[in-house]
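Participant: model this:
(chains A and B)
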Amino acid sequence: MRPQVTSTEAHCIGTPRAFSSSIDRRLNTLVRHLVAPSLLLDSQIRNDIMSASPTSGFHADSVFAHIDRAPEDPILGVTVAYNKDPSPIKLNLGVGAYRTEEGKPLVLNVVRQAEQQLVNDRSRVKEYLPIVGLADFNKLSAKLILGADSPAVQENRVTTVQCLSGTGSLRVGGEFLARHYHQLTIYIPLPTWGNHPKVFTLAGLSVKTYRYYDPATRGLNFQGLLEDLGSAPSGAIVLLHACAHNPTGVDPTIQQWEQIRQLMRSKSLLPFFDSAYQGFASGSLDADAQPVRMFVADGGECLVAQSYAKNMGLYGERVGALSIVCKTADVASRVESQLKLVIRPMYSNPPIHGASIVATILKDRDMYNEWTIELKEMADRIISMRQKLFDALRARGTPGDWSHIIKQIGMFTFTGLNSEQVAFMTREYHIYMTSDGRISMAGLSSKTVPHLADAIHAAVTRVV
Amino acid sequence: MASTMLSVASASPFASLSPLENVKGKLKLGSASLSFNKAKGNPFINAKSFCRISMVAAVNASRFESVTMAPPDPILGVSEAFRADTHESKLNLGVGAYRTEELQPYVLDVVKKAENLMVERGENKEYLPIEGLAAFNKVTAELLFGADNPVIKQQRVATVQGLSGTGSLRLAAALIERYFPGAKVLISSPTWGNHKNIFNDSRVPWSEYRYYDPKTVGLDFEGMIADIKAAPEGSFVLLHGCAHNPTGIDPTPEQWEKIANVIQAKSHIPFFDVAYQGFASGSLDTDAASVRLFTARGMELLVAQSYSKNLGLYAERIGAINVVCSSADAAARVKSQLKRLARPMYSNPPIHGARIVANVVGDPALFNEWKAEMEMMAGRIKNVRQKLYDSLSAKDKSGKDWSFILKQIGMFSFTGLNIDQSANMTSKWHVYMTKDGRISLAGLSLAKCDYLADAIVDSFHNVS
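Facilitator: Predicted structure coming up:
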């Protein structure tokens, strides 16, 4: 038997060496979780803690006895709580999934069409995709975000790999950077999507924040952003929401984007775009891609994580792509080979169904056009909900300036409500939303806006 | 201005934008070629500063310059090489994907039926919960353990949908890394090539136990037992539930009992990889016997399942990680932590394959049809084994005993060919296989057995 390098030892400084018994290991895990690190330096204390006495209350019947119950994911947990509520007036403004005016999930017509086509095609098989995914899908996705005329694409300087929606693209990109990039710090905006810090931490990067949201204006803290990025170490990675910032809905203007670009390029900061709402924010695929394209147009490098969850309504199919724009085609090709080494031990190769739907739509002129129309309808409905909510709060004379509701963009509104107010709204009005005050406008309808306006009004006037 | 932007936006990615007057100006700087949009009336892009910054960006080297070209995946790379070969006699015995006698990929009838049903029903594409489709999790655990199994009735199994076998193994590895720090996974020598990658990337230390005996082309049972016994208490022992990959050599039921004995004696934790349930012998229950034997002893264990082969759902990436615990409470806690590991990896799993499995396995009529198709697939492989054995025995005059081909089970045969002999198979005979001497019988037809036998006899006797 050849013992292998215990990579755990190499990577986990302070982790004890391999244990002689599973009981020792379990005790040690408990000790590390429960005891302050400084106490562990005292070997006397360590010995006391680590001996399993009959009265210690430690039950050794399950090897999993030491595993605690994890709390529900804060975002997805909102829907779990919503589902449990029997109230007929309950409203789910938690997770960012589009709902129709009737409050129902929507599968785009063009998606149904594409799926029917796929199922009818007797020549289709279910063989493993390549590790990097469906080739057509990758090419079309790169063109969608970067523009059909993008020189980076034409010069083969972009490697695009199919991944599991936005999350998977971010994780694979993060893992790649943790292995191959020289600066292992990523700056994420404050606030950002709750899953971002976990994705990058587990990928092996160290996570720092840059100022972004200004609660006073409910807008962008642009000075703070420039200062924080300006003081970041040269070469650091910077996560940028391409459009429709989640959770705030606050986006930089084009002029501000240009300043951000110049600052980042002058400090060699590496942009990592999260593009989850292309076309969904303004209704225009090209307008929503402008920030990404500005960075690519200057010839520099960047990463882009794309998701089709919202803009094609393919949430559960887990379709997305990671593009890495490189200086040269040769670098792109080497980078791609290394991305495969990240993917293979994670899930071998990506799922075919969602990517096939996307490719079918993007490569057919008529289906593509139909898609842009359905996409604009979704975006327009959300914009109209913003207007209706704003009007309803004004009509009620709800104290405060609510204009941020119509200034912010995309699926989410950062209401500015605090967690006590949110808890109140859930308790008294059966409104389900994340405790940071974020509401999903996609979950609203003309019928339910009044109920929400009442709830906000009550929360603001009765709870501080 | 807005309308100009929108008219640019409505062009699909595949359409060339060059006819539009809006796009102008290609600027060459050294080796980098840059172009930028001077869309009519777009005041936001200052051409001069753009150029200056662009020059700075173009001069800098790539941040990924030092990234080296990774070698192709040893298993998946074989198919790539096969595709590139134009020789008429080429034979792909690399990756374990089932082929018909005509050497075509096979989509099961029950799968087509299920997909048609799904399209007719017009189900939505909402996010699955992090743990996956509930209906899928239920049927998959029942399929594996038997619906009447006490572990199921007592709710002692934590089942989480994973990205086929690989993804399920990866979740388990992540759980081990976090909650059993320092614990080793013992893997067979040899084993599926990706196992090591999964544990390496998860930072879980591993070591090998003896398994394959080249002298007998059979199981080195004494070595296996000795190595498992010698491992530190509380190690995880990775076992192939049936149809060992790559050797095709499985322990007998009596040997499984002895393996269970030594694992229990050392408080090790069994970790099954079940990628071929139903595919090995043709019977779902027979192929699950090893897992059920261990479970019946009251042991806690992990099982990674895949539906790639037995339902032909390779590209849909559908599988599950099951953790059998000593109590329902432990199972609930373990499940919650598996979710916590999945969320920063891909958020939630893909629906399509899960629905197919739930529809087939959960419907009595389709389930029976499936069993028949599976028997057919397993039967074809057994026939091919017989024919190959007959051909080898007829052509090889040396008196070598080729009966191991009949004794091995499942998709693969470990021929005993070494690296150079395997290379000869490819270079001289255009037979594509993995370097470890493994051939996939699923890729072999009766018609090609003679040709393959010639190749094997030649490589074995004329190359060292």
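
Participant: The residue of the stretch 151-300 of chain B found nearest chain A: which element?
Facilitator: Minimum separation of the stretch 151-300 of chain B from chain A (C-beta to the nearest C-beta) falls at residue B:234, amounting to 2.5 Å. (C-beta placed from N, C-alpha, C; glycine too.) No secondary structure element spans residue B:234, as it lies outside all helices and strands (assigned by DSSP states H and E).

Participant: Residue A:261 too?
Facilitator: In this structure, residue A:261 is located in helix A:254-266 according to DSSP H and E.

Participant: Then residue B:354?
Facilitator: Take DSSP H and E as the rule and residue B:354 turns out to sit in helix B:351-361.

Participant: Report the distance from the helix or strand following that helix to the chain centre.
Facilitator: Under the assignment DSSP H and E, the closest C-terminal helix or strand after helix B:351-361 is helix B:364-395. Relative to the mean C-alpha coordinate of its chain, helix B:364-395 is positioned 21 Å out (C-alpha atoms, centre = their mean, to the nearest Å).

Participant: Going by neighbour count, which residues in whichever helix or strand comes after helix B:364-395 are buried?
Facilitator: Toward the C-terminal end, the helix or strand that comes next after helix B:364-395 (DSSP H and E) is helix B:404-407. Within helix B:404-407, the residues that qualify as buried by neighbour count (16 or more other C-beta atoms under 10 Å in any protein chain shown) are B:404-405, B:407.

Participant: Tell me the one of the residues you listed nearest chain A?
Facilitator: Distances from chain A to the buried residues of helix B:404-407, taken as C-beta to the nearest C-beta, are shortest for residue B:404 (24.4 Å).

Participant: ok, the closest one touching residue B:217?
Facilitator: Yes: with contacts counted by C-beta atoms under 8 Å, residue B:404 reaches residue B:217, the gap being 4.0 Å.

Participant: For the helix holding residue A:261, buried residues please.
Facilitator: Neighbour counts using 16+ other C-beta under 10 Å place A:257-258, A:260-265 of helix A:254-266 among the buried residues.

Participant: Now residue 450: closest residue in space that isn't a chain neighbour?
Facilitator: The chain I'm using is chain A. If you skip the residues right next to it in sequence, residue A:450 has residue A:392 as its closest partner in space, 6.1 Å away by C-beta to C-beta, 6 or more residues apart in numbering or on different chains.

Participant: that's the wrong chain, I wanted chain B
Facilitator: For residue B:450, the nearest residue in space outside its immediate sequence neighbours is residue B:391; the separation is 5.1 Å by C-beta to C-beta, 6+ apart.

Participant: State the pLDDT value of that neighbour.
Facilitator: The confidence metric pLDDT takes the value 97 at residue B:391.

Participant: And for it, the neighbour number?
Facilitator: 21 (other C-beta atoms under 10 Å in any protein chain shown).

Participant: again with the one 5 residues further on
Facilitator: Residues lying near residue B:396 (other C-beta under 10 Å) number 17.

Participant: Does residue B:275 touch residue B:245 like I think?
Facilitator: Yes: in this structure residue B:275 lies within contact range of residue B:245 using C-beta under 8 Å: 6.9 Å.

Participant: Go back to the buried residues of helix B:404-407 and keep what's next to chain A.
Facilitator: When C-beta under 8 Å from any C-beta of the partner chain is taken as the criterion, no member of the buried residues of helix B:404-407 contacts chain A.

Participant: Next, format those residues as TSV and append distance to residue A:340 and pLDDT.
Facilitator: Putting these into TSV (distance: C-beta to C-beta, whole Å; pLDDT from 0 to 100) gives the following:
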residue	distance to residue A:340	pLDDT
B:404	34	92
B:405	33	94
B:407	36	93
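
Participant: and the helix holding residue B:354 with helix B:364-395, angle?
Facilitator: Here helix B:351-361 points in a direction 90 degrees away from that of helix B:364-395 (axes from the mean of the first three to the mean of the last three C-alpha atoms, to 10 degrees).

Participant: rewinding a little: show me the subset of the buried residues of helix A:254-266 that also lies near chain B.
Facilitator: Restricting the buried residues of helix A:254-266 to those touching chain B (C-beta under 8 Å from any C-beta) yields A:258, A:261-262, A:265.

Participant: of all those, which comes closest to residue A:75?
Facilitator: Of all these, the one with the least separation from residue A:75 (C-beta to C-beta) is residue A:261, at 30.2 Å.

Participant: pLDDT wise, what is the closest one at?
Facilitator: At residue A:261 the predicted local distance difference test score is 98.

Participant: Look up how far residue A:276 lies from residue B:65.
Facilitator: Separation of residue B:65 from residue A:276 (C-beta to C-beta, to the nearest Å): 30 Å.

Participant: go on, residue A:177?
Facilitator: Between residue A:177 and residue A:276 the distance is 19 Å, computed by C-beta to C-beta.

Participant: Can you report how many residues neighbour residue 208?
Facilitator: Just going to use chain A. Around residue A:208 there are 17 residues (other C-beta under 10 Å).

Participant: you looked at the wrong chain, it should be chain B
Facilitator: The tally of other residues near residue B:208 (other C-beta under 10 Å) stands at 18.

Participant: quick one: what helix or strand has it in it?
Facilitator: Secondary structure from DSSP H and E places residue B:208 in strand B:206-210.

Participant: likewise residue A:159?
Facilitator: For residue A:159, the enclosing helix or strand under DSSP H and E is strand A:158-164.
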